[in-house]
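**Student:** Have a look at this prediction, sequence included:
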Amino acid sequence: MTSSGTNPPPGPVPPDGGGGASAAWELLLPAASAPARRRGRALQSALRDAVRSGRLAAGTRLPASRELAADLGVSRGLVTEAYEQLTAESYLRAGRGAGTWVSGAVRPAAQGARDLSPRAPGPQVDFRPGTPDLTLFPRTAWAAAHRTVLDRLPHSSLGYPDPRGLPELRVALASLLTRRRGVVADPERLVVCSGVAQATTLLGFVLRERGEAAVGVEDPGSPEHASLFASTGLRTLPLPLDDEGLAVGPLLRSGVRAVVTTPAHQFPTGIAYSSGRRGELLDWARRTSGVIMEDDYDGDFRYDRAPVGALQGLDPEHVVYTGSVSKSLAPGLRLGWLIAPASMTDAIVARKRTMDLGNPSVDQAVLADFVAGGGYDRQLRRCQRAYRERRDTLTEALARHFPGAEVSGISAGLHIIARLPERFGPQDEFLRRAAAVGIALRPLSDCTAGEARDSTVRLVLGYAHLAPAVVEHGVRLLAEAVRDGRAPRVPVVEA
């Protein structure tokens with residue numbers, strides 16, 4: 001028993017001045033070479049890292065402060081201070097007269113970091129939808145806006161922001177959405193959020209607080225809606241579509257009072273809701289005091305005529321409008337917006353405040369400058385030209401390599417629907433052969449709650465992120481794999 005009333009911890013006890021001192025000396029020697037003013041902190045950091053990484057194992061006895069100071073060529077005071085600091089942090093433990101030991105309270109930190117971003121490691125060509133061409137991000141213009149913003153941004157703007165977003169961004173977005181999408185956009189009711197995903201959860205929490213238990217979603221539709229609403233305590237009820245949009249009959253019979261729609265360019269079918277169907281949905285919302293969430297995920301991208309205006313512009317008191325820059329700039333910016341009915345605005349803003357206290361101020365200010373200065377409009381025009389070319393390349397390649405393929409949803413957006421002739425089925429075998437040659441695909445059946453009615457190959461093909469040469473290469477490789485029933489060796493074409 002030591003004089004402090006504690007037994008020395010079990011474990012290896014190298015003799016003083018022997019292996020323990022030598023090991024410690026080797027681990028800490030670089031810190032002893034640090035500049036004099038930083039030497040104490042460097043010594044503490046090196047010793048802390050050695051314990052945390054497991055190089056100094058629990059139960060290891062450290063040299064006496066005088067001996068270690070002599071080995072390292074530093075003052076004894078630096079070593080004593082380091083021992084005392086790490087003992088206070090529980091990395092070390094000391095007993096009076098028993099020396100200093102590595103504590104057993106420390107667990108080595110995991111080494112490295114995994115990347116859980118939704119990327120496919122390995123496919124030669126990834127036709128799955130949802131990703132824009134990230135090489136089109138306007139780095140030069142964005143960097144210029146960033147410098148401009150930092151030069152003029154007042155210090156007060158670096159504090160906690162209005163949870164709705166910076167006023168200048170809300171004004172810029174309101175003007176943009178009014179002009180381009182026909183939205184009734186009051187900056188006081190516009191909430192800047194981390195993309196449509198956060199907008200969806202904000203709405204879900206408010207609906208749950210109001211007593212709703214379920215939300216209607218399009219079927220087929222985005223698979224993400226179910227998990228997002230589930231995180232707020234709401235279940236989703238799949239509702240069928242017809243040629244004009246969400247079928248109103250099943251909606252009426254469902255009893256839900258909230259529904260999610262993609263009326264400008266339905267995901268994944270690509271149809272635009274008819275004028276009549278838009279009116280019927282709004283009549284339903286008015287009669288039931290219901291709410292329609294409009295996910296305008298790619299409404300700016302239309303190639304045959306002007307984009308279809310937003311549903312929200314017809315009745316802003318019954319439609320929650322959401323959008324983001326994920327398709328026009330980059331999803332990694334995590335910047336989007338929500339425009340709420342007056343009756344829901346305060347509750348949504350209160351929930352936004354508790355979720356994250358608002359989006360980063362500098363990022364918001366850069367986007368405001370980019371939008372107000374015309375950079376965003378130029379970016380949209382640039383993307384439209386590129387995406388139209390890729391769409392045309394994809395449809396022509398499908399016609400050439402898969403004769404008889406039916407293609408729909410080509411007039412807008414960043415993906416198409418391809419229905420292949422029966423001779424290319426069954427779908428399971430088609431997908432297996434595609435995977436064997438490094439082609440990543442999303443079948444339409446992934447987007448529906450119902451079972452596939454037959455084995456016909458129906459695919460949701462994204463093209464925006466693929467250069468024309470890669471699109472052509474991918475379709476040709478896929479056709480050869482299906483025709484030959486094997487994995488041909490075709491050179492990889494870089495994006």
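**Tutor:** Perfect, thanks for sending it. Residues are numbered from 1 along each chain as shown.
**Student:** where are the low-confidence patches of the chain?
**Tutor:** 1-25, 108-111, 118-122, 451-453, 484-495 (pLDDT under 70).
**Student:** what comes up buried for stretch 36-51?
**Tutor:** Using 16 or more other Cβ atoms under 10 Å as the test for burial, stretch 36-51 gives Arg39, Gly40, Ala42, Leu43, Gln44, Ala46, Leu47, Arg48, Ala50, Val51. All C-beta atoms are positioned from the backbone trio N, CA, C, and that covers glycine.
**Student:** In helices only, show me the residues you listed.
**Tutor:** Using DSSP state H, Arg39, Gly40, Ala42, Leu43, Gln44, Ala46, Leu47, Arg48, Ala50, Val51 are the members of the buried residues of stretch 36-51 that sit in helices.
**Student:** ok, so of those, who is nearest Ser411?
**Tutor:** Nearest to Ser411 out of these is Arg48 (Cβ to Cβ; 60.5 Å).
**Student:** which residues does that closest one contact?
**Tutor:** Leu86, Glu89, Tyr91 (Cβ atoms under 8 Å, 6 or more residues apart in numbering).
**Student:** May I see the residues you listed organised as TSV, with neighbour count and secondary structure added?
**Tutor:** Listed next are those as TSV, based on neighbours: other Cβ atoms under 10 Å; DSSP: H, G, I helix; E, B strand; the rest coil:
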residue	neighbour count	secondary structure
Leu86	23	helix
Glu89	14	coil
Tyr91	21	coil
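**Student:** and which of the residues you listed is nearest Gly323?
**Tutor:** Glu89 (47.4 Å).
**Student:** which other helices and strands contact whichever strand or helix holds Arg93?
**Tutor:** Using DSSP states H and E, the element containing Arg93 is strand 92-95. The contact analysis (3 or more Cβ pairs under 8 Å, 6 or more residues apart in numbering; DSSP states H and E) places strand 92-95 against helix 76-88, strand 99-102.
**Student:** do you know which of the ones you listed lies nearest Ala365?
**Tutor:** helix 76-88 (40.1 Å).
**Student:** in the closest one, what's buried?
**Tutor:** So, applying 16+ other Cβ under 10 Å, buried residues of helix 76-88: Leu78, Val79, Glu81, Ala82, Tyr83, Gln85, Leu86.
**Student:** Which pair of the buried residues of stretch 36-51 spans the longest distance?
**Tutor:** It's Arg39 and Val51 that sit farthest apart of these, by Cβ to Cβ, at 18.9 Å.
**Student:** follow-up on the earlier one: want to try CSV for the buried residues of helix 76-88, with distance to Ala481 as columns?
**Tutor:** Shown next, in CSV, are the buried residues of helix 76-88 (distance: Cβ to Cβ, whole Å):
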residue, distance to Ala481
Leu78, 67
Val79, 67
Glu81, 67
Ala82, 63
Tyr83, 65
Gln85, 63
Leu86, 60
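**Student:** and which of those is nearest to Leu169?
**Tutor:** Gln85 (44.4 Å).
**Student:** Check the spacing between the closest one and Ala105 real quick.
**Tutor:** Note on Gln85: its distance to Ala105, by Cβ to Cβ, to the nearest Å, is 15 Å.
**Student:** any idea how far Pro238 is from Gly165?
**Tutor:** From Pro238 to Gly165 the distance is 33 Å (Cβ to Cβ).
**Student:** Comparing the two, which shows the higher neighbour count?
**Tutor:** Between Pro238 and Gly165, counted using other Cβ atoms under 10 Å, the more crowded position is Gly165 (26 against 17).
**Student:** so the more buried one, which of the three states?
**Tutor:** Look at Gly165: counting by DSSP: H, G, I helix; E, B strand; the rest coil, its state is coil.
**Student:** Please report how far it lies from Leu43.
**Tutor:** Here the criterion is Cβ to Cβ. By it, Gly165 lies 46 Å from Leu43.
**Student:** do the same with Thr345
**Tutor:** Applying Cβ to Cβ to Thr345 and Leu43 gives a distance of 55 Å.
**Student:** now do Val183
**Tutor:** Distance, Val183 to Leu43, by Cβ to Cβ: 60 Å.
**Student:** Repeat that for Ala88.
**Tutor:** Using Cβ to Cβ, Ala88 is found at 15 Å from Leu43.
**Student:** just Thr456 next, same as before
**Tutor:** 70 Å.
**Student:** Which SSE is immediately downstream of the longest strand seen in the chain?
**Tutor:** Selection of the longest strand in the chain by residue count, based on DSSP state E, yields strand 235-242. Downstream of strand 235-242, the next assigned helix or strand under DSSP H and E is strand 245-246.
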